[in-house]
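Engineer: I'll drop the sequence and a predicted model, then ask my questions.
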Amino acid sequence: NPGNTNVLRFGQKQPNGTAEMPYLKNTGSESVTWNQANYLVFQGKWLDNRLTLVSGARRDRNETSTSNTTFLTGGTVTPVNARRPSSSQTTYQNGASLQLTREVSLYALKSGGLQPNFTGNRDTDGNPLPATLARSQEAGAKIDLFNGKVTGTVSVFKIKRTNSPIFYWWAPTSNSARSR
């Protein structure tokens, strides 16, 4: 009754004499993901600082586990637990930049990256998806005119993502949960 301003009391009868509604257990889910990484990067300059080289490697180790508990009418409980075993992946970064003149530089980069499944996304069988792996290649030219007042970059690039759990029309993705 919306006009009833009596206080609700738990653990006893309500002011109108009716029994209290029983507590209902709620459905819940939990996802736990960890990621540990070690990396090493080198950067060096040569040819009077006109040539810059960068090279590095990163080793990631991660694991995801999920748990769902569904409480059904009549007190039936259906727990579902799933775990993706710990996995390791090494990604690399290699790049170079060459300053042709004070105003113009050319560059190229090849790199990889990993994004653990921190959101606990699952496949159709309820198992946690693996980490998303990205690999990219890029090359281009940079200009710096009038002491930095006009700058710009022209580049071409290719990005490939695997194990991407979600398809965004605007994001580079393989739209596949399969490892390649």
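Structural biologist: That came through, no problem. For clarity, every value in this text was computed on a predicted model and none was experimentally measured.

Engineer: Does Thr101 belong to a helix, a strand or coil?
Structural biologist: Following DSSP: H, G, I helix; E, B strand; the rest coil, we place Thr101 in the coil state.

Engineer: Give me the phi and psi for it.
Structural biologist: phi -140, psi 180 (degrees, to the nearest 10).

Engineer: can you give me the strands in the chain?
Structural biologist: Using DSSP state E, the strands of the chain run over 28-46, 51-71, 77-99, 104-115, 132-145, 150-162.

Engineer: Which one, of these, ends up nearest to Thr18?
Structural biologist: Ranking those by proximity to Thr18 (C-beta to C-beta) places strand 51-71 first, at 23.9 Å. C-betas here are computed from N, CA, C, even on glycine.

Engineer: Can you check what angle separates that closest one from strand 28-46?
Structural biologist: 180 degrees (axes from the mean of the first three to the mean of the last three C-alpha atoms, to 10 degrees).

Engineer: Flag every buried residue along strand 51-71.
Structural biologist: Thr52, Arg58, Asp60, Asn62, Glu63, Thr64, Ser65, Thr66, Asn68 (16 or more other C-beta atoms under 10 Å).

Engineer: swap in stretch 127-147?
Structural biologist: Pro128, Leu129, Pro130, Ala131, Thr132, Leu133, Ala134, Arg135, Ser136, Ala139, Lys142, Asp144.

Engineer: so who does the third one touch?
Structural biologist: For Pro130, the residues meeting the contact criterion (C-beta atoms under 8 Å, 6 or more residues apart in numbering) are Arg84, Ser87, Asn117, Asn163, Ser179.

Engineer: Now, of the residues you listed, which are buried?
Structural biologist: Of the contacts of Pro130, these count as buried by 16+ other C-beta under 10 Å: Arg84, Asn117, Asn163.

Engineer: Cool, thanks, talk later.
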